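Novice: Quick one, what's the 3D model for this:
(chains A and B)
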Amino acid sequence: MKRVTIDVGGTFTDCLVLDEGGDIHAFKSPTTPDDPTVGFTDVLDKAAHHFGLKLPQFLSDPGLLIAHGTTLSTNALLTGKIAKVGLLATEGFRDTLQIRRGYKNVNTTRFNLFVPPYRPLVPRYLRLGIRERTHYTGEVSIPLHEEDVLRAVSRLKDEKVEAVAVCFLHSYLNPLNERRALEICRAELKGAYVTASHEVLPVFREFERFSTTVVSAAVGPITEKYLKTLRSKLGDLNFKGTLYMVQGGGMVQSVEESARRAVSLICSGPAAAPSGAIRLGQSIDTDNLFSVDMGGTSYDVCLIRNGVIPTTDMNWVGEELVAMKLVDVPSVGAGGGSIAWINSLGLIEVGPQSAGADPGPACYGRGGSEPATTDADLVLGFLPADYFLGGEMVLSEDLARKAIGKVAEPLGLDIPTAAYTIFTTVNSVMADKMTEISTKRGYDIRDFALVVGGGAGPLHGGHVAELLGIPKVIIPRFAATYSAFGMLNMEVGRDFARSIISRRSLIDLARVNRLFDEMEHEGRQVLGELGIAAEGIVLKRSIEMRYVGQFHEVLVTDVPLGHIGAEELESIVQAFHRRHKELYTFEMPGREVEFLNACVKATARREALPLAKLARATNGADACLKRRRPMLWDPAVGYEDTAVYDGERLGAGHRISGPAVIEERATTVVVPAAYECSVDDVKNYILNRR
Amino acid sequence: MAQVDPLTLSTVWHSFQNICKEMRHVLDRTCQNYLIAQLHDLSVGIWDAKGRTVSIPIGLSVQYMGGKLAVEYVLEKFKGNLNPGDVILVNDPYHGYCCHLPDWGFYRPIFYQGELLFWTLCRAHQMDTGGAFPGGYFPNGYDIHAEGLAIPGIKVMEADREREDVMELILNNVRWPQGTRIDNYAQIAAVRLCEQRIVALLDKYGKQTVLACVEEMMNRTERAVRTTIAKIPDGTYFGEAATDDDGTELDVPVWVRVEVCVKDDTLTFDFSKSDKQRKGFVNSIYNSTYANALMGAFMFMDPDLGEFHNEGSIRPITVVAPPGLVVSAQYPATVGASPVSVGSQTLQAVMSAMSKAMPDHAITSWGMRNGHYIFGIDPRSAERYVTTTFDMDGGTGAVSGYDGHEGPCGMGSLGTVNKGNVEELEMRFPWTYKRWEFVADSAGSGKWRGGCGMHWEVRNDGGEAGVATGSSDGEIVRGPGALGGEPTRNNRGFLIREAEQSVVRGHRLYQLKPGDTLLKLTGGGAGVGNPAERDPQDVLWDVLNEYVSVEKAREIYSVAIDPLARRVIEDETRRLRSR
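Specialist: All right, here's what the predicted structure looks like:
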């Protein structure tokens, strides 16, 4: 039985195949943006070929599992290639979507007023008010005026909308009106993608719920169409296995479920990486990890404590808020293609502008002329000009030096010092982001091991770790296909949430128990449909709580399964106080607490991914010395002749002291002087601080 | 002084900015007061041992841009008596330069190896500060003492231990001591975090290097600001704006006037022609005027400088306001409404003058504040509550090249203020939302138009309640547009009791009965440029979306539209525009 992961990125479609012996094989094909299913089958074809099989033969194995991540919906949202959406809202509240709680342009400093105003996914003329109202208690104070819904439907039909979102106030508590309006829309608007806020995200706070629902509607048709095409294509190819979709929430789910809640595929790529990091952490026996992924334009960071993948409900995708729980992978605009520039204060900055893949950094020789991180890496000697992507592309140091001259000259620096400044600046940008994240959670960054992925990650990871005082760094052999590796490790499951909204003294425990029961029932059902037996299902509860009067919740995960009585309630409250103190340095034991949302995570039980072990190396690492070349480790000292090792030949147990560089086909590992690198038995490079 | 390399400078500089962001994060996640946690009525910053401004990326101008004067005050007051672990609390305008009493500031001196090197301040609007009515924005206080508890700079922590008797005295004089205590803890946690971070920075780079970076940071912003100013044609530019009245002498607008003098690479803001100090609560102290003038000036500088402004940005700027004016009030004047009324006008007047000096970079007034404080009893818990909001405020003003934004509000905060969620508010307060949406023809028109105003309507499901409309303005006066663009539209408020509808005005107090409905129709932001030059296709879009009516499109924008065919009637529009 083979496991396959396919990660469709902006440029490449990555594929990893885990074979029966625990060996992983990597394949790559160009992404085909017009119809991504072409790249999908192309890369599978390569994999089948590798195993000496025709594709239909390869796919006919009933045990074959394919986990598939795609940037399709994220890109659609970011580039505006979305469906024409109509919105039905409670009358008087159709502008909630545009008022959006007063947020200005979300990524611009408040001092910059020269930015275009926000334009919501649904323009005002397609947002229609419906007479109806549900009270905050759940009581319907104005029954649904069905004639308004019919009138709206007829208008939206004339407008030829492709999708409809129904968003009524307090529907998270009582979806009666919203559900009825939804039924009418589904019946009357055949062919349109129709959804409602209580289906997408049944929790309180209307702006966040409506925004998420509208995003789901906007990417719904394109997602549905893609999944349909993919299924029929796989069917034609005699596919007998199971296809799972990678969700932004960090788990995988069935194709049908993903089409129903299209928004769940937003951020599907980066969400996979942390699952891989946890597996890699097992090789050094830790589950406190900082998973980082440095690509061409961005640096994605995820802080994992005690093996728990963090999620957040404040996810801005471009200017849209997706408020469902997605893996918390904050990102900063720093990558191999990030461009260095000098701001009006005379400070060097790197990013967020990026040369991207095309034209790419100056050294690619494809017409880029601005200095990028990769140009600096090359000038410093870390990156081999003749072995980039295993030599598929020759890099030009002359072009790199010329580009770097653009920042060197105004700063009065020579080219190598300017390159070093770019290198260190981009490292600081990444390190700052990590510090910010650990502070938000109240942790000391030095207690975490760094797991490094991405094309540019292994080159910078060691230095970033050194800046932060991180003692251990794990660089996997599959750093270049980090997300695809993560997908091999993901859990099958889904998150559920329902609003409780009650202070402790007034809490209705019967209702709390009922909400948990409902969600757990639904969880068993959803997983059951995937053929997972009841005893194979793991349920985890959590509750979002706060002190009465506060506005932000703390997620309390110490919530017992089974019936919650007075005693269990007390233990949950105690856990909340502890967690509040841990996060924010203080607690208020005498103060009344409030229960907001109840959450259940339902997953299929599974074993850690089995990975084939390498035989121990019998020779010394010296035997794998490839060459030596000058590298700039310290501008005060100048270029130093440094050892370069051949990663393809290194084996388990080899040790290499920094400063050194290890060259692999798809990646270059830089080992700073402060670290010693050892190769473990699944071919991870482990950097230990000396 | 040691020389610093560009890399260290950049790293240290970013660290100072990040520390402020981390402080804000602590408050954001832990405060229980709506104003702080949701509306971001808070400020954090870092100053050096002499009180020079080091880092002020986050906050409301009046709360902290003049922080240097406040730090100098605390330094002088506690000379020889400052120790590690101290936290000093100040809210008094006349002893500590705080803009008004609800904005409590917690100061912490930051020592390194026994030497005072930096200060940090965390100021935030408390849910209550005592006084005759809750919230701080009520008119007709006899003097500053009537507005609430005035704290002239006292140590509330020594050696990191709370002075419990002092805090008890303070909290015994506010209406919601429990909640206020949570917010105070959060603020203290924030200034302590700042200290930890700065000490770590000093450990890492050494004192000499960090201090050298601070000097260099200031020199660089100074150079950048002077470069921008030098490009503005020398001359004197005039701007003025008014608030409806002072809340005591009714319906008599109060004027702020400024002459901006540009000479070489310096700016002087001279407020001498402003109205005299008033009896009512709109008086602004000099420190607030100074802060608003700086904020106004910063908006005309390179946006790259945005979060990096510091002492260097301040050096080329002089703010003149002789004592005794409404922009430089003296003890014992009341100041409760000044962050909104007179404060906003200071900003508006500065922007209006600067827009004349830099027409390609014109910035106009945002929708005027139409806030209020409601206080009463919540029948569900039988507890007292106070609530305020920015929900109904109109959008931002247009700038040269862009229309205003529809959602953001609060020009003094530059849009860091957030609006609420109906579902959260209805659960929290005994009020039901009936309508909250844009109103057609509510924005200042122009080649670039302002963001829209709102229809905001709520019903009182609680008992009797008081309403203080001190944070309202713009019912008589309008905030300036630029280059022929229309000013902000007026705000209007109504009280609906059974079938009767009466007018609710700003700067007043009202009593509400159960079942009363409060209706606010607010004005949007101001416009830039002649409306008859607006692209007819943009006008068509505005009409299609009911931001602008067909009638006003014709009357104001000189664009004829066929609403059914959804098109511009080209020849008719040409005729209208050639008149």
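
Novice: which residues touch A:Gly63?
Specialist: A:Gly63 makes contact with A:1-2, A:241, according to Cβ atoms under 8 Å, 6 or more residues apart in numbering or on different chains. Heads up, the C-betas are built off the backbone N, CA and C, glycines and all.

Novice: Return the members of the residues you listed classed as buried.
Specialist: In the contacts of A:Gly63, burial by neighbour count holds for A:2, A:241, counting by 16 or more other Cβ atoms under 10 Å in any protein chain shown.

Novice: residue in the stretch 551-690 of chain A nearest to chain B?
Specialist: Closest approach between the stretch 551-690 of chain A and chain B, counting by Cβ to the nearest Cβ: A:Phe551, at 4.0 Å.

Novice: count of neighbours near that residue?
Specialist: Counted with other Cβ atoms under 10 Å in any protein chain shown, the neighbours of A:Phe551 add up to 20.

Novice: quick one on the thing from earlier: which one among the contacts of A:Gly63 gets closest to chain B?
Specialist: Looking across those and measuring by Cβ to the nearest Cβ, the closest to chain B is A:Gly241, at 43.4 Å.

Novice: Apart from its neighbours in sequence, what residue is nearest that closest one?
Specialist: Closest residue to A:Gly241 apart from its sequence neighbours, by Cβ to Cβ, 6 or more residues apart in numbering or on different chains: A:Leu64 at 3.0 Å.

Novice: and if you look at A:His463?
Specialist: Excluding its sequence neighbours, the residue lying closest to A:His463 (Cβ to Cβ, 6+ apart) is A:Asn427, at 5.0 Å.

Novice: Contacts only, for the one you found.
Specialist: Counting by Cβ under 8 Å, 6+ apart, A:Asn427 makes contact with A:460, A:463-464, A:467.

Novice: Residue ranges in the stretch 51-200 of chain B under the pLDDT threshold?
Specialist: Judged by pLDDT under 70, the stretch 51-200 of chain B has no weakly predicted residues.

Novice: how about the strands in the stretch 401-550 of chain A?
Specialist: A:449-453, A:472-475, A:491-503, A:537-547 (DSSP state E, counting those that start in this stretch).

Novice: For the stretch 251-400 of chain B, just list every one of the strands.
Specialist: B:254-263, B:266-270, B:317-320, B:373-378, B:383-388.

Novice: tell me the angle of the longest one relative to strand B:266-270?
Specialist: Interaxial angle, strand B:254-263 versus strand B:266-270 (axes from the mean of the first three to the mean of the last three Cα atoms, to 10 degrees): 160 degrees.

Novice: Below-threshold pLDDT in chain A: ranges please.
Specialist: A:439-442, A:585.

Novice: same deal with the stretch 201-350 of chain B?
Specialist: For the stretch 201-350 of chain B, no range has pLDDT under 70.

Novice: Mind checking which of the contacts of A:Asn427 are in helices?
Specialist: Counting by DSSP state H, these place A:460, A:463-464, A:467 in helices.

Novice: so which of the residues you listed comes closest to B:Val539?
Specialist: Distance ranking of the ones in helices among the contacts of A:Asn427 against B:Val539, using Cβ to Cβ, places A:His460 first at 51.1 Å.

Novice: pretty sure that closest one contacts A:Val292?
Specialist: No: A:His460 is beyond contact range of A:Val292, at 9.1 Å (criterion: Cβ atoms under 8 Å).

Novice: still on that earlier bit, which residues touch the residue of the stretch 551-690 of chain A closest to chain B?
Specialist: With Cβ under 8 Å, 6+ apart, A:Phe551 has these contacts: B:31-32, B:34, B:37-38, B:424.

Novice: Distance check, it against A:Leu326.
Specialist: Distance of A:Phe551 to A:Leu326, computed by Cβ to Cβ, to the nearest Å: 21 Å.

Novice: Repeat that for A:Val559.
Specialist: From A:Val559 to A:Leu326 the distance is 21 Å (Cβ to Cβ).

Novice: The two: which is more packed in?
Specialist: Higher neighbour count among A:Val559 and A:Leu326: A:Leu326, with 25 against 20, using other Cβ under 10 Å.

Novice: Check the spacing between the spatially closest residue to the more buried one that is not a sequence neighbour and chain B real quick.
Specialist: Leaving aside its chain neighbours, A:Leu326 sits nearest to A:Gly248 (4.1 Å; criterion: Cβ to Cβ, 6+ apart). Per Cβ to the nearest Cβ, to the nearest Å, A:Gly248 is found 23 Å from chain B.

Novice: what about A:Gly248, how many residues close to it?
Specialist: Counted with other Cβ under 10 Å, residues neighbouring A:Gly248 total 27.

Novice: Many thanks, I have nothing further to ask.
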